[in-house]
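Undergrad: A structural model of the following input is requested.
(2 chains)
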Protein chains: 2
Amino acid sequence: MTPHDAIQSFAKTLENLEKCMDKAGEHAKERAFDVDVLAQARLAPDQFSFVQQVQSACDQAKYAAAYLSGKPAPSHPDTEQTFAELRERIRKCTGFLATLQEKDFAGAEERKVAPPWLGGRWLSGHDYLVQVAVPNFFFHVTMAYAILRHNGVKLGKMDYIGALSTREG
Amino acid sequence: MTPHDAIQSFAKTLENLEKCMDKAGEHAKERAFDVDVLAQARLAPDQFSFVQQVQSACDQAKYAAAYLSGKPAPSHPDTEQTFAELRERIRKCTGFLATLQEKDFAGAEERKVAPPWLGGRWLSGHDYLVQVAVPNFFFHVTMAYAILRHNGVKLGKMDYIGALSTREG
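TA: Alright, predicted model coming up:
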């Protein structure tokens, strides 16, 4: 699983998250409520809302792509309040991810990754991918899914997993 | 991120999950309820309970380790009902994971992985790791965390992420 594989998996999972948001929209329509009510939903009062979970998932993917490729991360301010705005955020993120190819990640695992929140310390690109980017990315997408699921949206795990490259023979 | 890196990350994350269960135990004690009430908690009536999320996380890790190394997966029947039994399940799983070393995963990405639920179709070891094992494993651990968090257990994301191999200089 190369860094580029991980970034492509993040992009696919963000697209799956948008499909979960489609299902939230259908659910809201059926039940005659404004889907944007769910944007502020959360599982605990001191936990991130749906909006923040989606923003965080996007940022985990964006920063992993940037740090591991050595390209600057585009700025995506956390201003979203509605599902429509969150869809735009997801597309800005996946648009950036799509600009990067396998060759952009040459030497990624040996890079020195020093995000500001490490306070001057650093992780190798390898350790950043394994210990930070992968578990954090899937955490925030799953939490966004969990908030919708808890609010009655008809989702199953395959909505989150998406299509598989199965073969026959 | 080699298959062995992924399996080691799963083992670490299961250990972190046990620490989250320790915090659930402290919370239950403070609030004077039986922690095993949380074993049956779930976020939606038609979703897996905490017990099932932990069993599923363990199985994702176990089967990934078995399929990618070509070793037989030990049988761990889904009989757990209590936190004590779930801890035992986690330890059986991490015990199996610890038996596998980097060399056991030679050629893992080219293996043909044909779990019964694919109904005769198969995935390459590479695609199984990227598309199935990693997103599913972190999904179930995060869902277990979410159930505890929703029930008031004092958890933060670093309880799930655990220690990082940061360096200085």
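Undergrad: near chain B, anything from the lengthiest helix in chain A?
TA: For chain A, the helix with the greatest residue count under DSSP state H is helix A:3-31. Yes: using C-beta under 8 Å from any C-beta of the partner chain, helix A:3-31 comes into contact with chain B via A:3, A:5-6, A:9, A:13. The way it works is simple: take the backbone N, C-alpha and C, and place the C-beta from them, glycine included.
Undergrad: enumerate every residue touching the residue nearest the centre of chain A.
TA: Residue closest to the average C-alpha location in chain A (C-alpha atoms, centre = their mean): residue A:57, at 3.0 Å. For residue A:57, the contacting residues are A:14, A:17, A:137, A:140-141, A:144, by C-beta atoms under 8 Å, 6 or more residues apart in numbering or on different chains.
Undergrad: could you flag which of those residues are buried?
TA: Neighbour counting over the contacts of residue A:57 (16 or more other C-beta atoms under 10 Å in any protein chain shown) leaves A:14, A:17, A:137, A:140-141, A:144 as the buried ones.
Undergrad: adding distance to residue A:62 and pLDDT, write these out as CSV.
TA: Formatted as CSV, these follow (distance: C-beta to C-beta, whole Å; pLDDT from 0 to 100):
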residue, distance to residue A:62, pLDDT
A:14, 10, 98
A:17, 14, 98
A:137, 10, 98
A:140, 12, 98
A:141, 14, 98
A:144, 16, 98
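Undergrad: returning to that earlier point: quick one: what helix or strand has the residue nearest to the centre of chain A in it?
TA: Taking DSSP states H and E as the criterion, the element that holds residue A:57 is helix A:50-69.
Undergrad: quick one: that helix to chain centroid distance?
TA: In this view, helix A:50-69 has its centroid 6 Å away from the chain centroid, taken as C-alpha atoms, centre = their mean, to the nearest Å.
Undergrad: stretch A:93-112 too?
TA: Averaging C-alpha coordinates over stretch A:93-112 and over its chain gives two centres that are 16 Å apart (C-alpha atoms, centre = their mean).
Undergrad: quick one on the thing from earlier: and the longest helix of chain A, what does it pack against?
TA: helix A:50-69, helix A:83-98, helix A:134-150, helix A:157-161, helix B:134-150 (3 or more C-beta pairs under 8 Å, 6 or more residues apart in numbering or on different chains; DSSP states H and E).
Undergrad: now for these, which one comes closest to residue B:44?
TA: helix A:134-150 (5.2 Å; C-beta to C-beta).
Undergrad: packing partners of the closest one?
TA: Secondary-structure packing of helix A:134-150 (3+ C-beta pairs under 8 Å, 6+ apart): helix A:3-31, helix A:50-69, helix A:157-161, helix B:3-30, helix B:134-150, helix B:157-161.
Undergrad: next, the angle helix B:134-150 makes with that helix.
TA: On the basis of axes from the mean of the first three to the mean of the last three C-alpha atoms, to 10 degrees, helix A:134-150 is oriented at 60 degrees to helix B:134-150.
Undergrad: angle of helix A:134-150 against helix A:3-31?
TA: For the pair helix A:134-150 and helix A:3-31, the angle between their directions (the same axes, to 10 degrees) equals 10 degrees.
Undergrad: helix A:50-69 and helix A:134-150, what's the angle between them?
TA: Orientation check (the same axes, to 10 degrees): helix A:134-150 against helix A:50-69 gives 160 degrees.
Undergrad: related to what we said a few turns ago, for residue B:159, state which of the buried ones among the contacts of residue A:57 is nearest.
TA: Ranked by distance to residue B:159 (C-beta to C-beta), those are led by residue A:140 at 15.2 Å.
Undergrad: I'd guessed the closest one sits against residue A:50; true?
TA: No: counting by C-beta atoms under 8 Å, residue A:140 stays clear of residue A:50, with 10.4 Å between them.
Undergrad: rewinding a little: a markdown table for the helices and strands packed on helix A:3-31, including distance to residue B:34?
TA: Formatted as a markdown table, the entries for the helices and strands packed on helix A:3-31 read as follows, by distance: least, C-beta to C-beta, whole Å:
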| stretch | distance to residue B:34 |
| --- | --- |
| helix A:50-69 | 31 |
| helix A:83-98 | 39 |
| helix A:134-150 | 23 |
| helix A:157-161 | 29 |
| helix B:134-150 | 15 |
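Undergrad: for these, which one sits closest to residue B:43?
TA: Among those, helix A:134-150 comes nearest to residue B:43, with 4.4 Å by C-beta to C-beta.
Undergrad: let me have the helices and strands packed on helix A:134-150 in TSV, extended by distance to residue A:109.
TA: Shown next, in TSV, are the helices and strands packed on helix A:134-150 (distance: least, C-beta to C-beta, whole Å):
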stretch	distance to residue A:109
helix A:3-31	7
helix A:50-69	8
helix A:157-161	26
helix B:3-30	10
helix B:134-150	17
helix B:157-161	19
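Undergrad: what sits against the closest residue to residue A:43 other than its chain neighbours?
TA: With C-beta to C-beta, 6 or more residues apart in numbering or on different chains as the criterion, residue A:43 has its nearest non-adjacent residue at 4.5 Å, and that residue is residue B:150. Contacts of residue B:150 were listed using C-beta under 8 Å, 6+ apart, and they are A:43-44, A:150, B:41, B:43.
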